[in-house]
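S.K.: Requesting a structural model of the entry that follows:
(one chain, ligands or ions: 1)
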Amino acid sequence: MNTKDQQSKIVLVTGGSRGIGKSIALNAAKRNLGVILTYNNNPEQGQAVADTINRNGGKAVALQMDAAKISSISDFAGQVLQALKKEWNRDSFDYLVNNAGIAQRTLIKDTTEAIFDELVNVNLKGVFFLTQKLIPLMVDGGQVINISSGLARFAFPGVAVYGSLKAALEGLTRYFAKEYAERKIRFNSVAPGAIDTEFGGGKGDESHRQQIAGMTALGRLGEADDVGAFVASLLSDDSRFVNAQRIEVSGGIVI
Ligand SMILES: NC(=O)c1ccc[n+]([C@@H]2O[C@H](COP(=O)([O-])OP(=O)(O)OC[C@H]3O[C@@H](n4cnc5c(N)ncnc54)[C@H](OP(=O)(O)O)[C@@H]3O)[C@@H](O)[C@H]2O)c1
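M.R.: Sure thing, here's the model as predicted:
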């Protein structure tokens with residue numbers, strides 16, 4: 001069991017080097033949280049996010065992590081512990097945001113086993129084992145937020161495996177909430193709608209963007225900050241009784 005000291009709370013954000021994860025990291029720092037963010041293939045971008053936070057009076061560390069390399073997750077947990085001790089003089093952190101994810105547009109008929117496995121490894125298996133290995137470093141009463149997708153609720157052609165994995169992630173969120181209730185750790189999933197990032201190679205041409213905007217009650221694609229600001233707002237005791245929930249941040253897509 002971990003005890004929490006009086007220092008500022010700390011969030012670990014996976015995939016904090018770009019897109020939604022970067023926005024979650026920056027918005028969490030604005031709310032005075034210490035930030036551990038991860039990158040995978042883009043160390044410069046990961047470090048740049050940490051540098052921005054540190055320059056603006058916050059505290060952040062960037063660590064490399066590949067969610068698909070399950071065998072490296074124990075080592076990663078060790079690096080997290082080292083960073084906590086060195087930067088914050090703590091041996092625990094408060095919030096985990098499982099944001100890192102990948103998509104690949106492929107119709108079911110064209111989906112190979114390799115594509116399937118890569119999607120599973122990053123979007124579900126990696127999240128499962130990363131969370132399993134990091135929970136011992138979390139304070140009792142902490143919170144885990146899993147970033148899901150609107151595609152867990154409705155279906156578009158070309159994203160069958162991805163959308164199904166996000167639906168599974170939402171199910172997993174409830175199971176974790178059940179098993180870690182004893183430690184009062186809360187688990188919620190946040191499901192973004194169509195967000196304008198580099199995800200899956202971008203959001204396509206202008207007509208595709210307009211089509212998505214037309215399916216959205218607020219009439220536009222989301223920005224990374226639409227999700228980042230919201231997720232950061234959940235990282236507080238104000239959300240203390242929200243548990244095992246799915247919250248969509250989509251401007252009302254496909255309603
Ligand atoms: N954008 C959307 O429309 C949308 C909609 C619904 C849900 N989402 C979800 O939101 C989350 C973030 O999406 P995004 O749009 O911000 O994506 P993004 O701009 O493509 O950024 C992806 C982030 O994940 C990291 N990452 C990629 N593969 C990884 C791996 N194998 N291990 C660890 N980290 C890895 C990347 O790190 P490096 O760059 O360092 O490799 C990057 O920081 C994902 O879970 C996605 O499914 C996105």
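S.K.: any chance you could map the helices in the stretch 51-200 of the chain?
M.R.: Ranges of helices in the stretch 51-200 of the chain, per DSSP state H, counting those that start in this stretch, are 73-83, 113-120, 126-134, 160-179.
S.K.: Redo those helices as JSON lines? Include mean neighbour count and distance to the ligand.
M.R.: C-beta coordinates here come from the backbone N, C-alpha and C atoms, glycine included. Formatted as JSON lines, the helices of the stretch 51-200 of the chain follow (neighbours: other C-beta atoms under 10 Å; distance: least, C-beta to the nearest ligand atom, whole Å):
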{"stretch": "helix 73-83", "mean neighbour count": "16", "distance to the ligand": "10"}
{"stretch": "helix 113-120", "mean neighbour count": "14", "distance to the ligand": "8"}
{"stretch": "helix 126-134", "mean neighbour count": "20", "distance to the ligand": "6"}
{"stretch": "helix 160-179", "mean neighbour count": "18", "distance to the ligand": "7"}
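S.K.: Arg183 is in contact with Gln143, correct?
M.R.: No. If you go by C-beta atoms under 8 Å, Gln143 and Arg183 don't touch, sitting 11.3 Å apart.
S.K.: about what we covered before: I'd like the helices of the stretch 51-200 of the chain written out as CSV, with mean pLDDT added.
M.R.: Shown next, in CSV, are the helices of the stretch 51-200 of the chain (pLDDT from 0 to 100):
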stretch, mean pLDDT
helix 73-83, 98
helix 113-120, 98
helix 126-134, 98
helix 160-179, 98
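S.K.: In JSON lines, list the ones you listed along with distance to Arg55.
M.R.: What follows is these, written out as JSON lines (distance: least, C-beta to C-beta, whole Å):
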{"stretch": "helix 73-83", "distance to Arg55": "18"}
{"stretch": "helix 113-120", "distance to Arg55": "35"}
{"stretch": "helix 126-134", "distance to Arg55": "27"}
{"stretch": "helix 160-179", "distance to Arg55": "34"}
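S.K.: Ok, which of those helices comes nearest Val49?
M.R.: Taking C-beta to C-beta, helix 73-83 is the member of those nearest to Val49, at 14.9 Å.
S.K.: quick one: the closest one to helix 126-134, angle?
M.R.: Relative orientation of helix 73-83 and helix 126-134, computed by axes from the mean of the first three to the mean of the last three C-alpha atoms, to 10 degrees: 50 degrees.
S.K.: ok, residues contacting helix 73-83?
M.R.: Contact partners of helix 73-83, identified using C-beta atoms under 8 Å, 6 or more residues apart in numbering, comprise 12, 36, 61, 63, 65, 91, 93, 126, 129-130, 133-134, 136-137.
S.K.: quick revisit: more neighbours, Gln143 and Arg183?
M.R.: Shown here are Gln143 and Arg183; by other C-beta atoms under 10 Å, Gln143 has more neighbours (25 against 14).
S.K.: Gln64: neighbour count?
M.R.: Gln64 - counted by other C-beta under 10 Å - has 15 other residues nearby.
S.K.: Quick check: phi and psi on the residue of the stretch 101-250 of the chain found nearest the ligand?
M.R.: The ligand sits closest to Gly101 of the stretch 101-250 of the chain, with a gap of 2.3 Å, by C-beta to the nearest ligand atom. Backbone torsions for Gly101, taken as degrees, to the nearest 10, come to phi -160, psi 160.
S.K.: now Gly15
M.R.: phi 60, psi 40.
S.K.: Check what pLDDT it gets.
M.R.: For Gly15, the pLDDT comes out at 98.
S.K.: Can you pull the phi/psi pair for the nearest residue to it once chain neighbours are set aside?
M.R.: Closest residue to Gly15 apart from its sequence neighbours, by C-beta to C-beta, 6 or more residues apart in numbering: Ala100 at 3.1 Å. Per-residue torsions, Ala100: phi -50, psi 130 (degrees, to the nearest 10).
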